[in-house]
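Visitor: When you get a sec, could you give me coordinates for this:
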Amino acid sequence: MHAFSSSKSLIEEISQSHGFAARLWEYRLQKQWKGLVGEVVAAHTWPTRIKFRKLHVAVDNSVWLHQLLYLKATLMENIQAQMGELQLEDIIFRIGELPESREDTLDDPTDQAPVSPDAQKTARDYTRGVNDEELRDSLSRVIARALSSGQNQR
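Guide: The predicted structure follows:
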């Protein structure tokens, strides 16, 4: 149990100090989106980013956007109940394109945007202290993607 606690605190410290805590939460939300909001809502929406404690969600059409305004409080409650550590203040809905292959993209690392070697090295350096090999590898992949994604957005 002690190793798990220290791994968790290491992950939190790394994500906070290097500015990609929001990216990790975005990844978690995307990975669990269908379970958080339900299959029907998930078919028409996609969480795109978290900025200033606001979750931005792309919606595929105006009819759904209007309906989601009525469901906002319920969705917020569901997300907070299942992801209590994520402190959201609001959900912002906007019309936008949804990724074609949302679930497959998250599960298949080869379907992601390319990760730079520098990002991979940095991610390995950050996770060196994690004893559990599987956790260390998974965390390294997430951090490397977050770092590469940040570089691609500049």
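
Visitor: following the helix or strand of the chain with the lowest mean pLDDT, which helix or strand shows up next?
Guide: In the chain, no helix or strand scores lower on mean pLDDT, DSSP states H and E than helix 102-107, which sits at a mean of 50. Next along the chain after helix 102-107, taking DSSP states H and E as the criterion, comes helix 117-126.

Visitor: what separates that following helix from the chain centre, distance-wise?
Guide: Remark: helix 117-126 is offset 19 Å from the chain centroid, using Cα atoms, centre = their mean, to the nearest Å.

Visitor: Mind exporting the C-alpha coordinates of that helix to CSV?
Guide: Output in CSV follows, covering the C-alpha atoms of helix 117-126 (Å, rounded to 0.1, in the frame of the first residue of the first chain):
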residue,chain,number,x,y,z
PRO,A,117,11.6,11.3,-28.8
ASP,A,118,12.3,14.2,-26.5
ALA,A,119,8.8,13.9,-25.0
GLN,A,120,9.4,10.1,-24.5
LYS,A,121,12.7,10.7,-22.7
THR,A,122,11.2,13.4,-20.5
ALA,A,123,8.3,11.2,-19.6
ARG,A,124,10.6,8.3,-18.7
ASP,A,125,12.7,10.7,-16.6
TYR,A,126,9.5,11.9,-14.7
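
Visitor: Check which helices and strands that helix is in contact with.
Guide: helix 133-152 (3 or more Cβ pairs under 8 Å, 6 or more residues apart in numbering; DSSP states H and E). All C-beta atoms are positioned from the backbone trio N, CA, C, and that covers glycine.
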